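[1] Show me the folded form of this:
(2 chains)
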There are 2 protein chains.
Amino acid sequence: MIDKLIEKIQKTGAPIVVGLDPMMKFVPEHIKKAAFEEKGETLEGAAEAIWLYNREIIDKTYDLIPAVKPQIAMYEQFGIPGLTVFKKTIDYCKEKDLVVIGDVKRGDIGSTSLAYAAAHLGKVQVGNSMCAGFDEDFATVNPYLGSDGVQPFIDVCKEEKKGIFVLVKTSNPSSGEFQDRLIREGISAGTSADAGGIAFADRPLYEIVGEKVAAWGEQLMGSKGYSSVGAVVGATYPEQGKVLRKMMSKSFILVPGYGAQGASGKDLVHFFDDNRLGAIVNSSRGIIAAYQNDKYSQFGALNFADASRQAVIDMITDIDQALTNIGR
Amino acid sequence: MIDKLIEKIQKTGAPIVVGLDPMMKFVPEHIKKAAFEEKGETLEGAAEAIWLYNREIIDKTYDLIPAVKPQIAMYEQFGIPGLTVFKKTIDYCKEKDLVVIGDVKRGDIGSTSLAYAAAHLGKVQVGNSMCAGFDEDFATVNPYLGSDGVQPFIDVCKEEKKGIFVLVKTSNPSSGEFQDRLIREGISAGTSADAGGIAFADRPLYEIVGEKVAAWGEQLMGSKGYSSVGAVVGATYPEQGKVLRKMMSKSFILVPGYGAQGASGKDLVHFFDDNRLGAIVNSSRGIIAAYQNDKYSQFGALNFADASRQAVIDMITDIDQALTNIGR
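    This is a model prediction of the structure:
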């Protein structure tokens, strides 16, 4: 699946992904009104509103971009009707030939991770039939439970030619609370803590996780130098991104944190390789709620999806210029 | 919500929770046949089968136990029909006055965690209405993203009188891969790594997380000495459980790993306080698939739920004896 993503990035010249993370406050009033009139101020009404909103944004941006990243939490909060629209959004994006990255951040112990992997990337057996639950192209995975929580995803990816992005260094302010903790190399709990006279190199946890991602990735190498096991590294941490880019030289990096979270094109350059590959940058509210931004207010709420299209064009230009300035 | 859980544990004398983690291979043939005849070998058919299976187990065990823990992955793999049965199972268990722990292991950055918290423990605003998505009593939470990923859950718990269990030391074989890594105390990435002449105490990551859980818990203290912010610590790691029990003296511990994963009553004693409180032990397949175990084979597939009832009784006895032997 990483090969398809790379081809689409090269074809569009846009190493970006649009985060379809609809919050009710982003949805224009005229859409909410129509949806609530039809289905009431209910979970069904909310789900209908986000579906109408998503569809218009997809229609106005799909030709410019390689991929979308729906954040499942924003659908899950509307219960079953919300998740039904999550599925409908995935199917619609796949019809438009977009690569769909399910931002689900799942992760559990072995057999349970296998169920999550089947849910989002694979199939389940029911009697003699094989059925797919959500069927994204990629899923994001939380590594806290270790290899036996991640391996089932890799196994399903092998079978289905799908991919994952493993959380390494997330974009949020408190990501350092655990991820930046310095790890004593070479010893772990249960072994002797006697360190007398031995010199240790301490490294942050995210590097240890990054190293694992690189190792897991060997199992799923594509034909273009990158693995279908990628990593999530926040644009808000460019220095860490630079280190991780080198350490995980075959792992594509999914980079959240651009735009609304504060990062700009120049923060991103070190996430890319010399061929302008190796990274795909996400923007969510910066694109889907562009019409609420002063910069795009001339579009107005009725033309919200045109504002999104313009924001996509501007984001592509911003990243392109940053990569050009650094000579890539 | 922790007060209600404690009351129910004291009333039943059963510090246990039944993990409703239905896998198709656990569901007896006669149930699958009935479900597939009605709804086909489809996601709907699979969902119907697990619903019929769950309902019978709940009917035969609810009077003995304080709580259930449905594992959402086992429903999510069957897509929308599966998640519809997840919701139906939650509602049915709440009708039976069981405490429902949604084993969802969610966790993300701030606004996204808030959406997950609303989905599972709270409500969302739709127009002028407040609507609940899944509405469990507790949810499990993954801490990898740090405080700003956990705090939204705590905020919703305050509002809704709900609770969470944060993953600290999970029960799976590779949980040590990151969770056991020894952390250099007092310094973190970005600060000087110059440690010349300073003595550092190294502690595993799970202790650092456990300490945070204890701190987060101060915000949600119940009236019985425990907080509605609990922790997940695997029964398969009794020594670590002993340390964490002391460190998180006000955090209830949800203990997976009993039975099928290898732990028995004697491994559990140190998770409890002197009043037989402080821990609730989960068993999933050991209960729900008991009829497939040689020990309960006399019940047969038709009476699978009677086998589950007997397995619950035996589990309660096993833990009771272990706690009696240690003088609790």
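
[2] drop to CA atoms for contacts and neighbour counts, all remaining ones
    OK.

[3] Would you state the strands of chain A in chain order?
    Here chain A has its strands, by DSSP state E, at A:16-18, A:67-68, A:99-106, A:124-126, A:129-131, A:138-141, A:163-169, A:181-188, A:202-204, A:227-233, A:251-255, A:279-283.

[4] Now tabulate those in CSV and tack on mean neighbour count and mean pLDDT.
    Shown next, in CSV, are the strands of chain A (neighbours: other CA atoms under 10 Å in any protein chain shown; pLDDT from 0 to 100):
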stretch, mean neighbour count, mean pLDDT
strand A:16-18, 26, 98
strand A:67-68, 26, 98
strand A:99-106, 24, 98
strand A:124-126, 19, 97
strand A:129-131, 15, 98
strand A:138-141, 27, 98
strand A:163-169, 28, 98
strand A:181-188, 21, 75
strand A:202-204, 19, 92
strand A:227-233, 29, 98
strand A:251-255, 28, 98
strand A:279-283, 25, 97
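
[5] Quick one, which of the ones you listed gets closest to B:F304.
    Distance to B:F304, taken as CA to CA, is lowest for strand A:124-126 among the strands of chain A, at 20.4 Å.

[6] Check which helices and strands the closest one sits against.
    Counting contacts by 3 or more CA pairs under 8 Å, 6 or more residues apart in numbering or on different chains; DSSP states H and E, strand A:124-126 packs against strand A:129-131, helix B:43-61.

[7] Can you say which of the ones you listed is packed in most?
    Greatest average neighbour count among those goes to helix B:43-61 (a mean of 22), per mean count of other CA atoms under 10 Å in any protein chain shown.

[8] what does it rub up against?
    For helix B:43-61, the external contacting residues (CA atoms under 8 Å, 6 or more residues apart in numbering or on different chains) are A:126, A:131, A:133, B:20, B:22-24, B:27, B:31-32, B:34-36, B:38-39, B:75, B:78-79, B:81-82, B:85, B:88-89, B:92-93, B:288, B:305-306, B:308-309, B:312.

[9] what's near enough to touch A:N142?
    A:N142 sits in contact with A:K105, A:R106, A:G107, A:V166, A:L167, B:Y144, where contact means CA under 8 Å, 6+ apart.

[10] for A:D274, same thing?
    A:R328.

[11] and what of A:A279?
    Going by CA under 8 Å, 6+ apart, A:A279 touches A:P15, A:F252, A:I253, A:L254, A:V255, A:F271, A:F272, A:D273.

[12] ok, and the closest non-adjacent residue to it?
    Once flanking residues are discounted, A:A279 sits nearest to A:I253: 4.5 Å by CA to CA, 6 or more residues apart in numbering or on different chains.

[13] Okay, now the unreliable bits of the stretch 1-150 of chain A?
    Low-confidence segments of the stretch 1-150 of chain A (pLDDT under 70): none present.

[14] Stretch A:155-166: how far from the chain's middle?
    Remark: stretch A:155-166 is offset 14 Å from the chain centroid, using CA atoms, centre = their mean, to the nearest Å.

[15] Wondering if that stretch reaches chain B at all.
    No: using CA under 8 Å from any CA of the partner chain, stretch A:155-166 stays clear of chain B, coming no nearer than 11.8 Å.

[16] That stretch spans what distance, first to last residue?
    End-to-end distance of stretch A:155-166 (CA to CA, to the nearest Å): 15 Å.

[17] again, but for stretch A:277-286
    End-to-end distance of stretch A:277-286 (CA to CA): 22 Å.

[18] how about the residues of the stretch 151-300 of chain A near chain B?
    So the stretch 151-300 of chain A meets chain B at A:170-184, A:187-189, A:193, A:202-205, A:209 (CA under 8 Å from any CA).

[19] and the residue nearest to A:A279, what are its bridge partners?
    A:A231, A:A279 (DSSP bridges).

[20] Correct me if wrong: it contacts A:I280.
    Yes: when contacts are counted by CA atoms under 8 Å, A:I253 is listed as touching A:I280 (6.3 Å).

[21] nearest to B:T324, of the strands of chain A?
    For those, the distance to B:T324 is smallest for strand A:181-188, at 34.4 Å, taking CA to CA.

[22] which residues sit against stretch A:227-235?
    With CA under 8 Å, 6+ apart as the contact definition, stretch A:227-235 has outside contacts at A:1-2, A:140, A:154, A:162-172, A:210, A:213-214, A:216-222, A:241, A:250-258, A:263, A:267-268.

[23] and A:E185, how far is that from A:K94?
    44 Å.

[24] go on, A:E207?
    34 Å.

[25] So for those two, which sits in the more crowded spot?
    Higher neighbour count among A:E207 and A:K94: A:E207, with 21 against 17, using other CA atoms under 10 Å in any protein chain shown.

[26] Give the full set of residues in contact with the more buried one.
    Shown in contact with A:E207 (CA under 8 Å, 6+ apart): A:V168, A:L244.

[27] again, only this time at 7 Å
    A:L244 (CA atoms under 7 Å, 6 or more residues apart in numbering or on different chains).

[28] pLDDT score assigned to it?
    Per-residue confidence (pLDDT) for A:E207: 96.

[29] same thing with the one 5 residues further on?
    With respect to pLDDT, A:K212 has a value of 97.

[30] Over to A:S264?
    pLDDT, A:S264: 84.

[31] do the same with the one 3 residues further on
    For A:D267, the pLDDT comes out at 87.

[32] How about it: what's its closest non-neighbour residue?
    A:P238 is the one closest to A:D267 (CA to CA, 6+ apart), at 5.5 Å.

[33] Count the residues that sit near that neighbour.
    Based on other CA under 10 Å, the number of other residues close to A:P238 is 18.

[34] can I assume A:A290 is in contact with A:A311?
    Yes: assessed by CA atoms under 7 Å, A:A290 is found in contact with A:A311 at 6.5 Å.

[35] Pick out whichever of these two has more residues nearby.
    A:A290 (26 against 23).

[36] contacting residues for A:N275?
    Contacts of A:N275 (CA under 7 Å, 6+ apart): A:R328.
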